[in-house]
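Student: let's see this in three dimensions:
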Amino acid sequence: MDMGLKEILRQAKFAQVGFVVNNIEETKKKYALLFDCLVPDTQPCGEYEITQTRIFGEPAPKATSKLAFIDLTPGVQLELIEPNEEPSVWRDHLNKYGEGIHHIAFQVENGDEVIRRLKEEFGAVVEQEGNYGDGSGRYVYLDVQDSLKCRIELLESFKK
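Tutor: Residues are numbered from 1 along each chain as shown. Model prediction:
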């Protein structure tokens, strides 16, 4: 029985829209002007020793990016991502489709269960995953292009 995305993500909270860009410094200034807010800081995505980035299950120590976040409403962000040249879902998307929307993200509490259900119901494929740069949680990118025409990112904070 098809549960539908709403049921699968029933405990999830919409959290973010991510864009891949060629020049984060230029792009973040334009978005700050659009949203009438301060220009956000640019930050690295983190050191591999913490992030443990994996692409299709394989370690990807050289895949990295610059990040900038703009809070749109409480709990919802616009994320800008400027990837390096190494293989990653960010670089792949930028090379194939150019700049623009990369993913929609949901904050979840039981990422493994949501991943399992997205695989079963939507044929989702885990493309890339790793820990936040500060080690406080993890992210997982899932390709659901065939059924939902997009990529979903799951964000899961570790319990303290």
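Student: switch to C-alpha atoms for all contacts and neighbour counts from now on
Tutor: Will do.
Student: okay, buried residues for stretch 147-160 please.
Tutor: For stretch 147-160, a neighbour-count test (16 or more other Cα atoms under 10 Å) marks 151, 152, 153, 154, 155, 156, 157 as buried.
Student: which strand or helix spans the second one?
Tutor: Secondary structure assigned from DSSP states H and E places residue 152 in strand 151-157.
Student: remind me what that strand packs against, helices and strands.
Tutor: strand 100-107, helix 111-122, strand 137-143 (3 or more Cα pairs under 8 Å, 6 or more residues apart in numbering; DSSP states H and E).
Student: now do 6 Å
Tutor: Packing partners of strand 151-157 (3 or more Cα pairs under 6 Å, 6 or more residues apart in numbering; DSSP states H and E): strand 100-107, strand 137-143.
Student: same question for that strand, mean pLDDT?
Tutor: Throughout strand 151-157, pLDDT has a mean value of 95.
Student: how many neighbours does residue 77 have?
Tutor: Neighbour count for residue 77, taken as other Cα atoms under 10 Å: 18.
Student: from residue 56, how far off is it?
Tutor: From residue 77 across to residue 56, the span is 26 Å (Cα to Cα, to the nearest Å).
Student: so which strand or helix has the closest residue to residue 102 other than its chain neighbours?
Tutor: Of all residues beyond its chain neighbours, the one nearest residue 102 is residue 19 (4.9 Å), with distances taken as Cα to Cα, 6 or more residues apart in numbering. Per DSSP H and E: residue 19 is located in strand 13-20.
Student: got the contact list for the helix or strand just after that strand?
Tutor: Remark: after strand 13-20, the chain's next helix or strand is helix 24-34, criterion DSSP H and E. Residues outside helix 24-34 that contact it (Cα atoms under 6 Å, 6 or more residues apart in numbering) are 38, 39, 82.
Student: summarise which helices and strands the helix or strand just after helix 24-34 is packed against.
Tutor: The first helix or strand that comes after helix 24-34 along the chain, using DSSP H and E, is strand 43-44. Applying 3+ Cα pairs under 6 Å, 6+ apart, one finds that strand 43-44 makes contact with strand 65-73.
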